[in-house]
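In: 3D, please:
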Amino acid sequence: MTHATIRIIRQEHAALAAMLRSIVMLLEQHRRKGTRPDFTSLRAMLFYVDEFPEKRHHRKESELLFPKLRARTPISRELMDRLDNDHAWGERKIRNVEHALLAFEMLGDSRRAAFESAVEQYVDFYLNHMALEEREILPLAERVLTAEDWRELDEAFGRNRDPLTGYPPEREYEALFSRIVNIVPAPIGLGAEA
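Out: Down below sits the predicted model:
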């Protein structure tokens, strides 16, 4: 039986991975064409990463899922500490990417390589982070958490409303969501189909 929490975490990971890969793909397209990217769209995409996964998704993993796991088993505590550390540094890392984008926008092509490098490092960091959670932490949770643990987690994670996983966006995020969905390259796609 797959718990709602597991399904939601995997959906949010898939949406974030698609977003991150889309950013990389957009940058590659513009580099090949010798054009500058649409900075407003890139800012919107990076804002999404900061607003949803960094501030909502990670918080629930670190404040709800990991403590329950630590209470039930000594297995993987070191890994959870590492993932918690990733969560703590994630907001700073996305700010660094946003700053590199601003530098590219304001100072021109002399800052393109630094921005693209910052994006690539962030994407690698994040994809590896999510893979560890899915490969190690989620199966462990399925083995050791109790029915009561799952009820509490499913309720908390069920309140997540990431629009890129198919939920209607919260009113204040409607314009952001529309902008992002309209700029994401077709091969990756996001939204209700994700």
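In: Neighbours of the nearest residue to F39 once chain neighbours are set aside, how many?
Out: Spatial nearest neighbour of F39, excluding adjacent residues (Cβ to Cβ, 6 or more residues apart in numbering): E105 at 4.5 Å. Where you see a C-beta, it was placed from the backbone N, CA and C, and this is true even at glycine. As a burial measure, E105 scores 16 neighbours (other Cβ atoms under 10 Å).
In: Just the element for H129, please.
Out: Counting by DSSP states H and E, the element that carries H129 is helix 112-132.
In: Kindly provide the whole-number mean pLDDT of that helix.
Out: Mean per-residue pLDDT for helix 112-132: 96.
In: and whichever strand or helix holds N182, how far from the chain's centre?
Out: Using DSSP H and E, N182 sits in helix 174-183. Averaged C-alpha coordinates place helix 174-183 at 16 Å from its chain's average position (Cα atoms, centre = their mean, to the nearest Å).
In: now the angle from the one helix or strand L83 maps to to helix 112-132?
Out: Assessed by DSSP H and E, L83 sits inside helix 77-107. Relative orientation of helix 77-107 versus helix 112-132 (axes from the mean of the first three to the mean of the last three Cα atoms, to 10 degrees): 160 degrees.
In: that older thread, quick one: residues in contact with the helix holding H129.
Out: Residues outside helix 112-132 that contact it (Cβ atoms under 8 Å, 6 or more residues apart in numbering) are 13, 16-17, 20-21, 23-24, 27, 31, 79, 82-83, 86, 90, 93-94, 96-97, 100-101, 103-104.
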